[in-house]
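Asker: Have a look at this fold, sequence not included:
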């Protein structure tokens with residue numbers, strides 16, 4: 001009868017995440033929050049360009065130092081939402097997503113509201129004869 005020998009191997013090494021990966025995780029977590037109309041690419045000649053929700057890394061800056069992450073997120077909010085509440089939800093969601101997916105410590109999630117998106121109002125024109 002043969003014995004089963006269980007050998008546990010401890011692999012030494014490191015895991016690194018590209019900033020683009022961290023920015024994508026943060027961008028998806030931020031864009032999924034109700035009240036977020038989109039992410040912004042930042043200021044160019046004083047004009048904010050609105051980017052669709054599918055460009056998850058736009059408006060997200062990630063800095064990794066000493067195993068901890070600091071994230072800056074620039075968003076456009078829907079008109080009429082409670083901005084402090086939505087921003088707090090963004091901070092919580094981004095920090096949680098990065099922690100769960102990477103195990104990295106999150107120092108801060110800074111949210112900059114760059115604009116407000118207004119809903120389009122349907123207008124009906126009456127034609128008089």
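Answerer: That came in fine, so what should we check first? Treat the numbers as computed from the prediction; the structure is a model and nothing was measured.

Asker: Need the pLDDT of the spatially most central residue of the chain.
Answerer: Central residue of the chain (Cα atoms, centre = their mean): residue 27, 2.5 Å from the mean position. Looking at residue 27, its pLDDT stands at 95.

Asker: part of a helix, is it?
Answerer: Yes - assessed by DSSP: H, G, I helix; E, B strand; the rest coil, residue 27 belongs to a helix.

Asker: can you tell me which residues contact the residue lying closest to it once chain neighbours are set aside?
Answerer: Distance criterion Cβ to Cβ, 6 or more residues apart in numbering; nearest residue to residue 27, sequence neighbours excluded, is residue 56 at 3.2 Å. (C-beta placed from N, C-alpha, C; glycine too.) Going by Cβ atoms under 8 Å, 6 or more residues apart in numbering, residue 56 touches 23, 24, 27, 28, 31, 39.

Asker: got TSV for the residues you listed, with distance to residue 81 too?
Answerer: Formatted as TSV, the contacts of residue 56 follow (distance: Cβ to Cβ, whole Å):
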residue	distance to residue 81
23	24
24	24
27	19
28	19
31	14
39	16
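
Asker: Among those residues, name the buried ones.
Answerer: Taking 16 or more other Cβ atoms under 10 Å as the criterion, what is buried in the contacts of residue 56 is 23, 27, 28, 31, 39.

Asker: Touching, the fourth one and residue 39? I think so.
Answerer: Just to be clear, that refers to residue 31. Yes - using Cβ atoms under 8 Å, residue 31 is in contact with residue 39, at 6.2 Å.

Asker: What is the distance between the longest helix along the chain and the centre of its chain?
Answerer: Taking DSSP state H as the criterion, the chain has its longest helix at helix 83-102. Once both centres are worked out by Cα atoms, centre = their mean, to the nearest Å, helix 83-102 turns out to sit 8 Å from its chain's centre.
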